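Student: Sequence and computational prediction follow.
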Amino acid sequence: MKIKKAVFPVAGLGTRFIPATKAMAKEMLPVVDKPIIQYAVEEAFAAGIEQIVFVTGRGKKALEDHFDRSFEIEHTLKDKGKDDLLRQIQELVPKTGTIIYTRQHQPLGLGHAIWCAKDIVGDEPFAVLLADDLIQTDKPVLSEMVKKFDRLRASIAAVMEVDKDQTDKYGILDAQKVEEDIVRIDDMVEKPKPGDAPSNLAIIGRYILTPKIFDYLGKKKKGAGGEIQLTDAMKTLLKEQPIYGYKFHGKRFDCGDKAGFQMANLAFALERPNIREKLIKFIQEIQKDF
């Protein structure tokens, strides 16, 4: 089956960015001139996704408004002859029915957020994108994963190597290489201490999952941090179905972390020809102070 639906868990409060996120969804924090969430949505549409499912919570109205029409702004831009900007904001709004919103009423973890989309996803494979994981690459990660799924017909997670002392921040894999950029997962552990980690190969925020995952998420079994963990459900799914890891090519930025967010802004800004030279000059100047 074609991957047509993508779930975006966006109910988090973004407490690490308070006070910036006191009245604004963390997914709306800008990287250069686009909200974090827009990069992930564009990646999904580029992969052929036809329907976006946002799993939201309180305080996410700005996110919903971002992907809706703003007749006042459009009218102003049209009157001022700013046709390029007008085109950009009009392109943000997909056709009716392309974006669906559902609520996660309790902060019970990533696994629970995905389970909240069960009735919308239905009995078909689907993608999951975590917008905080912003990836700079020539080949959009989800597009490559869809190609892998078309051939392997099994759940796939994007994976990368992390520093060994950072394993307690990720779902860590015990896996074996089967192709140049594909591993078959034998086991996985959610946020193990470095001494207990089976490897330093970590799952990051891109998944393609079969609908069988909902059977295990629906049990609402709590794991690390007292939350319903997706990794735990995937670990159980392994007993019935194979799961693969895709070692993507590119640079991942953790935009849920203040330092990672600033690094993403710099890296993506340096890709813009109209501001690149000014930034390079500025970086060279401030380097003298360190």
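Tutor: Yep, it's here.
Student: Tell me if I'm right that residue 40 and residue 127 touch.
Tutor: No. The criterion here is Cβ atoms under 8 Å, and residue 40 misses it with residue 127 at 10.4 Å. For every residue, glycine as well, the C-beta is placed using N, CA and C.
Student: Point out where the stretch 1-150 of the chain drops to low pLDDT.
Tutor: For the stretch 1-150 of the chain, the stretches with pLDDT under 70 are 96-97.
Student: Now do the longest helix along the chain: which elements does it pack against?
Tutor: Counting by DSSP state H, the longest helix found in the chain is helix 273-287. Contacts defined by 3 or more Cβ pairs under 8 Å, 6 or more residues apart in numbering; DSSP states H and E place helix 273-287 against helix 258-269.
Student: which residues sit against the helix it packs on?
Tutor: 16-17, 29, 31-32, 134, 136, 251, 253-255, 275-276, 279 (Cβ atoms under 8 Å, 6 or more residues apart in numbering).
Student: Which parts of it count as buried, going by neighbours?
Tutor: 260, 261, 263, 264, 265, 268 (16 or more other Cβ atoms under 10 Å).
Student: and what of stretch 86-96?
Tutor: So for stretch 86-96, counting by 16+ other Cβ under 10 Å, buried means 86, 92.
Student: How far off centre is that stretch?
Tutor: Distance of stretch 86-96 from its chain centroid, counting by Cα atoms, centre = their mean, to the nearest Å, is 21 Å.
Student: ok, back up a step: in helices only, show me the contacts of helix 258-269.
Tutor: Checked against DSSP H, the contacts of helix 258-269 include these in helices: 275, 276, 279.
Student: which one among the residues you listed gets closest to residue 232?
Tutor: Distance to residue 232, by Cβ to Cβ, is smallest for residue 279 among the ones in helices among the contacts of helix 258-269, at 42.5 Å.
Student: Helix or strand: which one has residue 186?
Tutor: strand 182-190 (DSSP states H and E).
Student: Pairing partners for the helix or strand following that strand, with directions?
Tutor: Using DSSP H and E, the next helix or strand after strand 182-190 towards the C-terminus is strand 201-209. Sheet pairing of strand 201-209 (DSSP bridges) gives strand 126-129 (antiparallel), strand 155-161 (antiparallel), strand 171-179 (antiparallel).
Student: How far away from the center of its chain is strand 201-209?
Tutor: With Cα atoms, centre = their mean, you get 9 Å for strand 201-209.
Student: May I see the buried residues of that strand?
Tutor: 201, 202, 203, 204, 205, 206, 207, 208, 209.
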